[in-house]
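Participant: only the shape, not the letters, is given here:
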Ligand SMILES: [Zn+2]
């Protein structure tokens, strides 16, 4: 409880300075873990996760880069300004060129900004469904992938490889989780599907709840020891995946019951609550919209 209060105080106080940031051991404790709320969204930060493997956060969004003997692999470029800062951070570690930029999904808050790397010779890699979205709705700062793949994909460069793991539609239809081969492949880079210790944002845009739960179960079944998160705390214990999966499942059960019991539709967002998850960051703010999204799911089947 003391640490919960501490975490809340740290959030209220604004950005977490390095001395206050949770240690790796604290971040890797299982859910519910108050340390997962002690993160900063100010400025940028580069953290060495393992030999050759670095997390890079720009304001509230995180990506990573992997240094190999033949060059660098970058995950999401985040945006043109973030990509410039990222390029400078990579230069502090190695002079080798960026050879690949890999998109984790098609969303505009993660993937613009690859031009700076493409201009220096990098190739852009993404699931083929992402390319379809960019063709359909072009964004001036999103570089079209030159290498696409229909399922999962293994990207090799120099002395390393990254597995791009595709689980079908869940949050959009081109999302991949990434498994770099460092330290026996124990890390997964996961964007959006879960944010440790937090409730899903608002009306859960672009999520298919059934497929979301299925994908999280499939990710849980893989041998994973730590998540590198696209938002929120840098590293988390794999129970952060189960925490999100259990929340969505509980939401679906509670909303279904309210519908089956004949509760008036407009009462459902006001009355359906999940007190066992009230500890989660953003719960009070988002529970109504979360419930509405599941109501929609039971209305349209998706
Ligand atoms: Zn996101």
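Facilitator: Yes, it's here. Predicted, not measured: the structure shown is a model, and the values here were computed from it.
Participant: could you pull out the strands for the stretch 101-250 of the chain?
Facilitator: For the stretch 101-250 of the chain, the strands defined by DSSP state E, counting those that start in this stretch cover 123-127, 147-149, 153-157, 160-166, 176-180, 187-190, 226-229, 235-236.
Participant: okay, the ones you listed in CSV with mean neighbour count and mean pLDDT next?
Facilitator: The way it works is simple: take the backbone N, C-alpha and C, and place the C-beta from them, glycine included. What follows is those, written out as CSV (neighbours: other C-beta atoms under 10 Å; pLDDT from 0 to 100):
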stretch, mean neighbour count, mean pLDDT
strand 123-127, 24, 98
strand 147-149, 16, 98
strand 153-157, 16, 98
strand 160-166, 20, 98
strand 176-180, 24, 98
strand 187-190, 24, 98
strand 226-229, 25, 98
strand 235-236, 24, 98
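Participant: I'd like to know which of the ones you listed lies nearest to residue 38.
Facilitator: strand 235-236 (12.0 Å; C-beta to C-beta).
Participant: list the helices and strands the closest one packs on?
Facilitator: helix 24-27, strand 226-229 (3 or more C-beta pairs under 8 Å, 6 or more residues apart in numbering; DSSP states H and E).
Participant: for it, what is the distance to the chain centroid?
Facilitator: 11 Å (C-alpha atoms, centre = their mean, to the nearest Å).
Participant: and what of stretch 226-246?
Facilitator: That offset, for stretch 226-246, works out to 8 Å (C-alpha atoms, centre = their mean).
Participant: what's the end-to-end length of it?
Facilitator: In stretch 226-246, first residue to last residue: 18 Å (C-alpha to C-alpha, to the nearest Å).
Participant: what does stretch 132-145 give?
Facilitator: End-to-end distance for stretch 132-145, by C-alpha to C-alpha: 10 Å.
Participant: got it, and stretch 71-79?
Facilitator: Stretch 71-79 has its terminal residues 21 Å apart, counting by C-alpha to C-alpha.
Participant: what about the helices in the stretch 151-300 of the chain?
Facilitator: For the stretch 151-300 of the chain, applying DSSP state H, counting those that start in this stretch gives helices covering 209-220, 239-260, 268-271, 283-300.
Participant: what helices and strands are in contact with the third one?
Facilitator: Contact analysis of helix 268-271 by 3+ C-beta pairs under 8 Å, 6+ apart lists helix 239-260, helix 283-300 as its packing neighbours.
Participant: in it, what's buried?
Facilitator: Using 16 or more other C-beta atoms under 10 Å as the test for burial, helix 268-271 gives 268, 269.
Participant: and the contacts of that helix?
Facilitator: Contacts of helix 268-271 with the rest of the structure, by C-beta atoms under 8 Å, 6 or more residues apart in numbering, involve 255, 258, 259, 263, 288, 289, 291, 292, 295.
Participant: go again using 7 Å as the cut-off
Facilitator: Here helix 268-271 makes contact (C-beta atoms under 7 Å, 6 or more residues apart in numbering) with 255, 258, 263, 288, 291, 292, 295.
Participant: wait, which of those residues is closest to residue 139?
Facilitator: Minimum distance to residue 139 across those is 28.0 Å, recorded for residue 292 (C-beta to C-beta).
Participant: quick one: pLDDT of the closest one?
Facilitator: On pLDDT, residue 292 comes in at 98.
Participant: same check, this time on residue 94
Facilitator: Turning to residue 94, the model gives it a pLDDT of 98.
Participant: of all the helices and strands packed on strand 235-236, which lies closest to residue 105?
Facilitator: Comparing the helices and strands packed on strand 235-236 by C-beta to C-beta, strand 226-229 comes nearest, at 14.1 Å.
Participant: by contact count, what packs against the closest one?
Facilitator: If you count contacts as 3 or more C-beta pairs under 7 Å, 6 or more residues apart in numbering; DSSP states H and E, strand 226-229 packs onto strand 187-190, strand 235-236.
Participant: tell me which strands that strand pairs with, and in which orientation.
Facilitator: Strand 226-229 pairs in its sheet with strand 187-190 (parallel), strand 235-236 (antiparallel), by DSSP bridges.
Participant: turn these into a markdown table, columns for distance to residue 129.
Facilitator: What follows is the strands paired with strand 226-229, written out as a markdown table (distance: least, C-beta to C-beta, whole Å):
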| stretch | distance to residue 129 |
| --- | --- |
| strand 187-190 | 18 |
| strand 235-236 | 27 |
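Participant: tally of neighbours for residue 181?
Facilitator: 19 (other C-beta atoms under 10 Å).
Participant: all set now, cheers.
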